[in-house]
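A.B. asks: The following comprises the amino acid sequence and a computationally predicted model.
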Amino acid sequence: MDVGAFGQFLPLILIFAIMYFLLIRPQQQKVKQHKAMVEAVKRGDRIVTQGGLIGKVSKVKDDYEVEVELAEGIKVRVVKATIATVTDRTEPAK
């Protein structure tokens, strides 16, 4: 491979590098932060699901599911991955 052939591929390499740092890497970091947030959900946290439901975590069933109280006496099971945000965290017990 001579220098001329490498010079032709240099713009493609630069475009890929720019795409990686502007799009791919930030998205990977966002996914990592979301995963950490979901794993840290505990009883008493107020959450918002991707469907727009707002409730309070009443029980963490397992690694994939939590029980959320939407209103007095109304509880639903929610897949942890569908939790969009944790709006209000409970303080850890001392």
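C.D. replies: Yep, it's here. Numbering: from 1, shown residues only.
A.B. asks: C-alpha from now on. contacts and neighbour counts both.
C.D. replies: OK.
A.B. asks: for this structure, what are the low-confidence residue spans?
C.D. replies: 1-3, 91-94 (pLDDT under 70).
A.B. asks: Following the chain past the longest helix out of those in it, name the next helix or strand.
C.D. replies: Criterion DSSP state H: the longest helix present in the chain is helix 3-19. Scanning forward in sequence from helix 3-19 by DSSP states H and E, the next helix or strand is helix 25-39.
A.B. asks: before we move on, the earlier item: now do the longest helix of the chain against helix 25-39, angle only.
C.D. replies: 30 degrees (axes from the mean of the first three to the mean of the last three CA atoms, to 10 degrees).
A.B. asks: what's helix 3-19 packed up against?
C.D. replies: Using 3 or more CA pairs under 8 Å, 6 or more residues apart in numbering; DSSP states H and E as the contact test, no helix or strand touches helix 3-19.
A.B. asks: any idea how far residue 26 is from the spatially most central residue of the chain?
C.D. replies: Centroid-nearest residue in the chain: residue 34, 2.2 Å away (criterion: CA atoms, centre = their mean). Using CA to CA, to the nearest Å, residue 34 is found at 12 Å from residue 26.
A.B. asks: and if you look at residue 42?
C.D. replies: For residue 42 relative to residue 26 (CA to CA), the value is 27 Å.
A.B. asks: and those two? which has more neighbours close in?
C.D. replies: Neighbours per residue (other CA atoms under 10 Å) separate residue 42 from residue 26, with residue 42 holding more: 17 against 12.
A.B. asks: Setting aside sequence neighbours, what's the nearest residue to the more buried one?
C.D. replies: Here the nearest residue to residue 42 in space, its sequence neighbours aside, is residue 60; by CA to CA, 6 or more residues apart in numbering that works out to 6.4 Å.
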